[in-house]
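Peer 1: the sequence and its predicted three-dimensional model are supplied below.
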Amino acid sequence: MGSFFRSEEMTLCQLFLQSEAAYACVSELGELGLVQFRDLNPDAVAFMRKFVNEVRRCDEMERKLRFLEKEIKKDGIPMLDTGDNPDAPVPREMIDLEATFEKLENEMKEVNANSEALKRNFLELTELKHILRKTQTFFEEAEIHHVQAMHDPGLTDESMGLLGEESTRHSQALKLGFVAGVILRERIPAFERMLWRVCRGNVFLRQAEIETPLEDPVTGDQVNKSVFIIFFQGEQLKSRVKKICEGFRATLYPCPETPSERREMAIGVMTRIEDLNTVLGQTQDHRHRVLVAAARNIKIWFIKVRKIKAIYHTLNMFNLDVTQKCLIAECWCPVDDLDRIQQALRRGTERSGSSVPSILNRMVTRQEPPTYNRQNKFTNGFQNIIDAYGISTYREVNPALFTIISFPFLFAVMFGDFGHGFIMFLFALYLVVREKWIIAQKINNEIFSMFFGGRYLILLMGLFSMYTGLLYNDIFSKSINIFSSGWRPTDPKTGAFYTRQVLGDHNLQILQLDPNSSFQGPYAFGLDPVWASTTNKITETNSLKMKLSVIFGVCHMFFGIFLSFVNHRPIDIILLKLQLKYVYSLKMFTLFKFYCSTSFTCMSVYLENIHSVISSSVTMALKLTRQILPLLQSEFQGFLVFLAAISVPWMWLVKPLYLRHQHKYGQEFDFGEVFIHQTIHTIEFCLGCISHTASYLRLWALSLAHAQLSEVLWTMVMQFPLRMNSIAGAFFLVAIFGFWACATIIVLIIMEGLSAFLHTLRLHWVEFQSKFYSGTGYKFHPFSFEDLTDYSIED
Amino acid sequence: MLSCPVCGPKLSVCCTILSVWGIVMLALMGVFYQIHSVALFEDIPLNHTKWEEDNFPLEDVHKAYEQTGLNCFIAAGIYVLFFFFSCWQQRLNSKANYETS
């Protein structure tokens, strides 16, 4: 049997590894990625295991690397990703790595601490600089007020500032104290209100915004701040003001009282800022150099550390034998790959220089092996659809194989339009052709990677939609006449073509054709294009699509029941049951099918009678059924009903009775339970046969909806510019075509495509797979270096 | 020459694709109108009452077909211009991208 039809045959193996060779062997197996190790000490807590120290050291190294990575990202240095995959380093290299990382981390920390201190210093100095500059203006204003108040007696008390008033009245008697500082801008209103309330309006606050945002040294954010200065009187107020400032996390700076001192201080501050700037620049340069050097290697380091960690994590699952000389492991591996695994073990032993070979021993077990389906990039997307429903039981028939064809086909039945299918095909073709380039881009967009993962699925869906679109003769809801139509409008009485004369004489708007005289023969491929210009197009395509969808559904489900045959061994008791199941459903379905074809006949006869136009395919079915069916139909149908009637009790009763017969002597056997189980199963199956068939009608419904929607879009949008009888129509056409194209992509391709996809998914999961698929297995997770993110000490 | 592009990198790619589609489809439609394709009968500027009064002359129909066909060709031509425009925008964008990186 092909490997994709069933999952791989697996075997449980025991591995005996010399303790000095174990590391190298596991490393080789990790590169190979074909072995799933079982945890032999599941009860042991993480910290009681043998190599817990090594795993911890790796964790520590990883933490350091992450820290470095964060710093590198913060500086926006590109990390070199050469894409090469270094081997897992030997254990003694771990010490070197540790030393390197330790050194780098310490250096980074030191640089960071230094630069933070410098930055804090720098911030303080800048704030001080701003304070000196702003307060200068406050003091100058006060001065002017003072002078004005003295020289301008007309100025009333109200119009003068509080400060001016105070200072004129008390300048000799009381000395005003003040504090100056910097506060976050958003805290100003609350700060002001608080000051006013607590000091009962006896302080005077002036504030000015600092125009340039300052950098917070701890977080690195840009913050807006304001300079303030508070004037007050007396020690008590001073202590209150200071407390409030503290509470609002304002920083206070000493500010000299005389202008000359302030000027001196400002000059001092400026020079210190300049000095600091040069030192800061040098620190930044140094940091940058260190990080650039680290960025060159960091990806490689990450891979190395994670590999070591994965190896030790795996070694922790092994058992130590009594002599402490050798490690014992148990693992699942595919039978076909045993040779390759042996080779890898030999390589590992050689590399470690051990003289005793490692031994791989197959074991017999009653445990359920994991399910392993070999995949390539093409089958991957289809297997994912199945796995999303349930991982197949070990060695069960894998529906993914059939899904490759049936999924795009059923999708296309609902999405049948050549134009839409072609666009979808081109999109998928682009993804497939530029595959390598897109993978190299490493796009992390979830929606895009979903489309990209299913690119082959979309490609096939597009191709099949093109095919069904041609069958339905729909290209953006227009039909095309390739092989000339099978209909000739001939007069049944004379046998001559209808001419304009006849139309004029009878004043006919709509012409009814008699198939007996007008129908020349079926159209070569698909639906006759003449249907596009008939008035009963929907009636006709409806009945056609409905019958087709039931036939497809019955075939699909039949196929599922056949597969359930393959799923079980012939001698099995279940066969008995299944046979009945098969017979029963065969009846049910054939019944339906014959009913269908009879309805075909009736319908076509009916159509014929009313001189309506009928489709070629129906006519073909008609000719066929007219010849064979009437002879046998009623007898055959009666026979089928009889078989269906007896197969229900058979399916219901035989299995429990047979089981009871088998268990008559000896073991206990709960007949009641088995009986009830079988009853439920029978009812479920019988009802399922009917309801699932009806469920396939969604093929018809969605196909109809899609065709109608695209037709409506054309008539509502595109017809307007096309029906313009002047050159202006061309310009309208340009604009409206753009709109039509966008609407086609968004509504008809993306939205309709998604809905058709979901319905197809349902048809496969529920209607098809319920017939044979149990999906109770568990997936084979080989120990592999390809996916290194999962190994941590916690699990 | 304009150095800063009018539309961004993604928009210009979209416009290029749209204009290619427009050129192909409108040109094909133009051809179909020229050969008087029956499927497009509903999409021509034909005054049905007048046509009926004149006892269904075929010349009217042909004229209407050719008029719309001509419109389609003109629209396709406009899309050709639009195509060159968006290609140019795309080049400007990629150049700008190249310079910044």
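Peer 2: Yes, it's here.
Peer 1: please make it C-alpha for all contacts and neighbour counts, starting now.
Peer 2: Fine.
Peer 1: so for stretch A:696-713, mean pLDDT?
Peer 2: Mean per-residue pLDDT for stretch A:696-713: 94.
Peer 1: who touches that stretch?
Peer 2: Residues outside stretch A:696-713 that contact it (C-alpha atoms under 8 Å, 6 or more residues apart in numbering or on different chains) are A:410, A:413-417, A:474, A:476-477, A:542, A:545-546, A:548-550, A:552-553, A:740, A:744, A:748, A:752, A:756, A:759, A:763.
Peer 1: where do the helices sit along chain B?
Peer 2: Counting by DSSP state H, residue ranges of the helices within chain B are B:9-34, B:48-53, B:58-100.
Peer 1: those helices: which one's closest to A:F562?
Peer 2: helix B:9-34 (45.8 Å; C-alpha to C-alpha).
Peer 1: quick one: buried residues of the lowest-mean-pLDDT helix or strand in chain B?
Peer 2: Counting by mean pLDDT, DSSP states H and E, chain B has its least confident helix or strand at helix B:48-53, which shows a mean of 78. For helix B:48-53, burial by neighbour count (16 or more other C-alpha atoms under 10 Å in any protein chain shown) applies to no residue.
Peer 1: quick one: the helices in the stretch 151-300 of chain A?
Peer 2: For the stretch 151-300 of chain A, helices defined by DSSP state H, counting those that start in this stretch occupy the ranges A:162-170, A:188-198, A:235-247, A:259-315.
Peer 1: return the residues of chain B in contact with chain A.
Peer 2: B:18, B:22, B:39-40, B:43-46, B:55-56, B:64, B:67-68, B:71-72, B:74-76, B:78-79 (C-alpha under 8 Å from any C-alpha of the partner chain).
Peer 1: picking up where we left off before, turn the helices of the stretch 151-300 of chain A into JSON lines, including mean pLDDT.
Peer 2: Output for the helices of the stretch 151-300 of chain A, formatted as JSON lines (pLDDT from 0 to 100):
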{"stretch": "helix A:162-170", "mean pLDDT": "48"}
{"stretch": "helix A:188-198", "mean pLDDT": "86"}
{"stretch": "helix A:235-247", "mean pLDDT": "85"}
{"stretch": "helix A:259-315", "mean pLDDT": "88"}
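Peer 1: highest mean neighbour count out of those helices?
Peer 2: Mean neighbours per residue, mean count of other C-alpha atoms under 10 Å in any protein chain shown, is largest over the helices of the stretch 151-300 of chain A for helix A:259-315, with a mean of 17.
Peer 1: which element follows that one toward the C-terminus?
Peer 2: strand A:319-320 (DSSP states H and E).
Peer 1: just checking, what packs against the following helix or strand past that next one?
Peer 2: Remark: after strand A:319-320, the chain's next helix or strand is strand A:326-334, criterion DSSP H and E. Here strand A:326-334 touches strand A:10-18, strand A:36-38, strand A:319-320, going by 3 or more C-alpha pairs under 8 Å, 6 or more residues apart in numbering or on different chains; DSSP states H and E.
Peer 1: check which helices and strands whatever helix or strand comes next after the longest one sits against.
Peer 2: Moving toward the C-terminus from strand A:10-18, the next helix or strand (DSSP H and E) is helix A:22-32. Counting by 3+ C-alpha pairs under 8 Å, 6+ apart, the packing neighbours recorded for helix A:22-32 are helix A:259-315, helix A:338-352.
Peer 1: tell me what the longest one is packed against?
Peer 2: I take that to be helix A:259-315. Contact analysis of helix A:259-315 by 3+ C-alpha pairs under 8 Å, 6+ apart lists helix A:22-32, helix A:52-74, helix A:93-151 as its packing neighbours.
Peer 1: quick check: buried residues in the helix or strand containing A:T379?
Peer 2: Using DSSP H and E, the element containing A:T379 is helix A:377-389. Within helix A:377-389, the residues that count as buried by 16+ other C-alpha under 10 Å are A:379-383, A:385-387.
Peer 1: gap between A:L123 and A:I359?
Peer 2: Distance check for A:L123 against A:I359: by C-alpha to C-alpha, to the nearest Å, it reads 67 Å.
Peer 1: contact partners for residue 51?
Peer 2: Just so you know, I chose chain A. For A:F51, the contact set (C-alpha under 8 Å, 6+ apart) comprises A:312-313, A:315-316.
Peer 1: wait, chain B was what I had in mind.
Peer 2: B:57, B:60.
Peer 1: what about it, distance to A:P489?
Peer 2: Distance, B:W51 to A:P489, using C-alpha to C-alpha: 22 Å.
Peer 1: same check on B:G69?
Peer 2: Applying C-alpha to C-alpha, the value for B:G69 to A:P489 is 27 Å.
Peer 1: what about the two, which has more around it?
Peer 2: Per other C-alpha atoms under 10 Å in any protein chain shown, whichever of B:G69 and A:P489 has more neighbours is B:G69, with 26 against 20.
Peer 1: ok, now how distant is the more buried one from B:A27?
Peer 2: Taking C-alpha to C-alpha, one finds B:G69 at 9 Å from B:A27.
Peer 1: tell me where the stretch 451-600 of chain A has helices.
Peer 2: According to DSSP H, counting those that start in this stretch, the helices that the stretch 451-600 of chain A contains are A:455-472, A:500-506, A:515-518, A:537-567, A:574-609.
Peer 1: would you single out the least confident of these?
Peer 2: Of all the helices of the stretch 451-600 of chain A, mean pLDDT reaches its minimum on helix A:574-609 (a mean of 46).
Peer 1: write out the residues of the stretch 601-750 of chain A neighbouring chain B.
Peer 2: The stretch 601-750 of chain A comes close to chain B at residues A:719, A:722-727, A:729-731, A:733-734, A:737-738, A:741, as judged by C-alpha under 8 Å from any C-alpha.
Peer 1: can you select the buried ones from these in PyMOL?
Peer 2: Selection command for PyMOL covering only the buried members of those, criterion 16+ other C-alpha under 10 Å:
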select buried, chain A and resi 719+722+723+724+725+729+730+731+733+734+737+738
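Peer 1: mind listing what A:V356 touches?
Peer 2: A:18, A:349.
Peer 1: could I get the helices and strands packed on strand A:326-334 as TSV with mean pLDDT and mean neighbour count?
Peer 2: Listed next are the helices and strands packed on strand A:326-334 as TSV, based on pLDDT from 0 to 100; neighbours: other C-alpha atoms under 10 Å in any protein chain shown:
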stretch	mean pLDDT	mean neighbour count
strand A:10-18	90	22
strand A:36-38	90	19
strand A:319-320	84	18
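Peer 1: ok, which of those comes nearest A:F248?
Peer 2: strand A:36-38 (59.9 Å).
Peer 1: direction included, what does the closest one pair against?
Peer 2: strand A:326-334 (antiparallel) (DSSP bridges).
Peer 1: tell me the angle the partner strand makes with helix A:22-32.
Peer 2: 10 degrees (axes from the mean of the first three to the mean of the last three C-alpha atoms, to 10 degrees).
Peer 1: and the angle from strand A:326-334 to helix A:259-315?
Peer 2: Going by the same axes, to 10 degrees, strand A:326-334 makes 80 degrees with helix A:259-315.
Peer 1: what pLDDT, on average, does strand A:326-334 get?
Peer 2: For strand A:326-334, the per-residue pLDDT averages 90.
Peer 1: over to stretch A:785-795?
Peer 2: 54.
Peer 1: same check on stretch A:722-733?
Peer 2: Mean predicted confidence for stretch A:722-733 is 88.
Peer 1: give the contact list for the residue in the stretch 301-450 of chain A that chain B sits nearest to.
Peer 2: Nearest to chain B, among the residues of the stretch 301-450 of chain A, is A:I423, at 9.8 Å (C-alpha to the nearest C-alpha). Neighbouring residues of A:I423 by C-alpha under 8 Å, 6+ apart: A:G462.
Peer 1: regarding it, which helix or strand does it belong to?
Peer 2: helix A:418-433.
Peer 1: and after that helix, which helix or strand comes next?
Peer 2: Downstream of helix A:418-433, the first helix or strand assigned by DSSP H and E is helix A:435-441.
Peer 1: low-confidence bits of chain B, can you list those?
Peer 2: Low-confidence segments of chain B, defined by pLDDT under 70: B:1-5, B:99-101.
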